[in-house]
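S.K.: I'd like to go over a predicted model; first the sequence, then the structure.
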Amino acid sequence: MDRICKILVVDDEWAIRDGIASYAWEELGCKVVGKAENGEEALLMVKGIRPDIIISDIKMPEMDGITFIEKAKEIHPAAEAILLTGYDDFAFARSAIRLGVTDYLLKPTDFEELKRVVEKLCRKIRQNEARQAYYRKMQECYERSMPVLSHKVAQDLLGGKLCGREEISRQLSLLNIQLSEFLVVSAFLDCGEEQLKEAGMHQRLLEFGVTNICEEIFKKSCENVLTDSEPYQYRFILGYSSFCDDSACITLCMQACERIQREIRNYIGQEISFGISQVSRDPGQLQLCCKQAIEACRRKAFFEKACIICYRDVSQEEKTPWRIESQQQLINGILAGCENEVSQVMRALSEELERQQPDIEQVKAAMMELMLYCLKNTELVQPAQELLSLRENMERVNGSATLRELCDIVKAFLLKLTLRHGEEPADFHRKTVEKIVLYIEEHYREDLFLDS
């Protein structure tokens, strides 16, 4: 049902005032809620009842209708106004138009014409209200969906689905975001499934808690925050003021990361590490900044505790492929069943990694290659079990978060191979010696070498 429109009648002549008020306005869905004989009295009513329509005389004592409408519009801008006058004066009409008066009617008032004007105004008022209600509803829906939209835009920006400065700027403008100066932060939560079970926390709840803490703290130090996340890994685009230089942006970001680490440690009981990209002013470089942040965050594997690493501090390092030079030493140690030798080689390898700090992904690939190489070059009577173990350990290597964890997994696998060789049945070694003796007997006339 349509809302009843409220009418205020203002005229110094009681007969006209009462005559207008007594009209059957209910037929049009209207109601006269106030009558006043001058502008001063009418202004008090405007403040109190906030009428939808004001029907006012122009020529009144103390305050004329033009002045009254002007002041009434200041109090209640949405009010529609109809002016009545006995003077067909162009100056009055021009002033009325300037004030946004809907219509200008001459006295004596033609009630049919007045009815037509009021009816038109009621339709206009209700249409405007319907549009405003629809707009408010859409605005509420938009605001409720803002986190989802923000996450989707961040995901597309960092994932490379949005390309080109114009398209990126257009998408950001939909979220009222300007990235005049920005950087990207990559975060990794040092938490596994077992830790979650022990803490009695669901993964989605954990992700929500971490994201909430990060966004709340980041927003205090920058102008805009866009978030993308997946299990245990988070990426943030932080937008700063154009008046903030590169060094200040990184300092503010590092301070925020330190506060986040404390909050997550206190409230969630977990550790989180951060990688911070260089500062950029070009939205087209978002993906590059994302790669920088991820590369910086990967260096956490070389630290035992949660850390904050800036790409600017690691970008000057020489990017040469990392290789393992001690493969043959490990093979010899495994074949000899010497656990001490294998342990010493792995310890030296771990120390070398700590010194060089190469890219962690290169280290993982080299370590998996090492395990496969050692398994292939150390013949066992029953290798099937080791093949199954190899796959399991490779998965663990790929998922390792720190350098120590990575080296411990590989060392345990190689020591297991070494132990198996030490426990091989005696007849296996006896058969090996018999093969050697037989070979010598058959080829003693030839030049024999240790290798052959």
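M.R.: That came in fine, so what should we check first? Numbers count the residues shown, from 1 in each chain.

S.K.: check contacts around Leu121.
M.R.: 5, 52-53, 80, 82, 102 (CB atoms under 8 Å, 6 or more residues apart in numbering). (C-beta placed from N, C-alpha, C; glycine too.)

S.K.: can we see that at 10 Å?
M.R.: Contacts for Leu121 (CB atoms under 10 Å, 6 or more residues apart in numbering) come out as 5, 7, 28, 30, 52-53, 80-82, 102-103.

S.K.: Let me see the ranges of the strands in the stretch 151-300 of the chain.
M.R.: 181-190, 224-230, 233-240, 271-276 (DSSP state E, counting those that start in this stretch).

S.K.: Quick check: bridge partners of the most centrally placed residue in the chain?
M.R.: Taking CA atoms, centre = their mean, the centroid of the chain lies closest to Thr227, which sits 1.4 Å from it. Applying DSSP bridges to Thr227 gives these bridge partners: Phe236.

S.K.: What spatial separation is found between it and Arg298?
M.R.: Using CB to CB, to the nearest Å, Thr227 is found at 20 Å from Arg298.

S.K.: before we move on, the earlier item: the residue nearest to the centre of the chain reaches Ile213, doesn't it?
M.R.: No: counting by CB atoms under 10 Å, Thr227 stays clear of Ile213, with 11.6 Å between them.

S.K.: out of the strands of the stretch 151-300 of the chain, which comes closest to Glu369?
M.R.: strand 181-190 (24.4 Å; CB to CB).

S.K.: Can you list the buried residues in stretch 283-301?
M.R.: 283, 285-286, 289-290, 292-301 (16 or more other CB atoms under 10 Å).

S.K.: where exactly do the helices run in the stretch 351-452 of the chain?
M.R.: Under the criterion DSSP state H, counting those that start in this stretch, the stretch 351-452 of the chain contains helices at 360-376, 384-399, 403-422, 426-443.

S.K.: same thing with the stretch 201-350 of the chain?
M.R.: So, for the stretch 201-350 of the chain - with DSSP H, counting those that start in this stretch - the helices run 203-218, 246-267, 286-298, 311-314, 327-335, 339-356.

S.K.: Which of those helices sits closest to Glu119?
M.R.: For Glu119, the closest of the helices of the stretch 201-350 of the chain is helix 203-218, at 52.0 Å, according to CB to CB.

S.K.: Which of the helices or strands spans Ser56?
M.R.: Using DSSP states H and E, Ser56 sits within strand 53-57.

S.K.: and that strand, what does it pack onto?
M.R.: For strand 53-57, the elements it packs on are strand 5-10, helix 14-21, strand 30-36, helix 39-49, helix 65-75, strand 80-85, helix 111-159, judged by 3 or more CB pairs under 10 Å, 6 or more residues apart in numbering; DSSP states H and E.

S.K.: Pull out the buried residues from it.
M.R.: Buried, per 16+ other CB under 10 Å, within strand 53-57: 53-57.

S.K.: Can you lay out the residues you listed as TSV showing pLDDT and distance to Leu370?
M.R.: Formatted as TSV, the buried residues of strand 53-57 follow (pLDDT from 0 to 100; distance: CB to CB, whole Å):
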residue	pLDDT	distance to Leu370
Ile53	91	86
Ile54	91	88
Ile55	90	93
Ser56	88	93
Asp57	87	98
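
S.K.: Alpha carbons of stretch 238-254, in CSV - could you do that?
M.R.: What follows is stretch 238-254, C-alpha atoms only, in CSV (Å, rounded to 0.1, in the frame of the first residue of the first chain):
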residue,chain,number,x,y,z
LEU,A,238,48.5,-2.7,0.3
GLY,A,239,47.8,0.8,-1.1
TYR,A,240,49.6,3.8,0.4
SER,A,241,49.2,7.6,0.0
SER,A,242,51.1,9.1,-2.9
PHE,A,243,52.9,11.3,-0.4
CYS,A,244,54.5,8.3,1.2
ASP,A,245,58.0,7.4,-0.2
ASP,A,246,59.2,3.9,-0.8
SER,A,247,61.2,3.6,2.4
ALA,A,248,58.3,4.8,4.5
CYS,A,249,55.9,2.4,2.9
ILE,A,250,58.1,-0.6,3.6
THR,A,251,58.7,0.6,7.2
LEU,A,252,55.0,1.0,7.9
CYS,A,253,54.4,-2.5,6.3
MET,A,254,57.1,-4.1,8.4
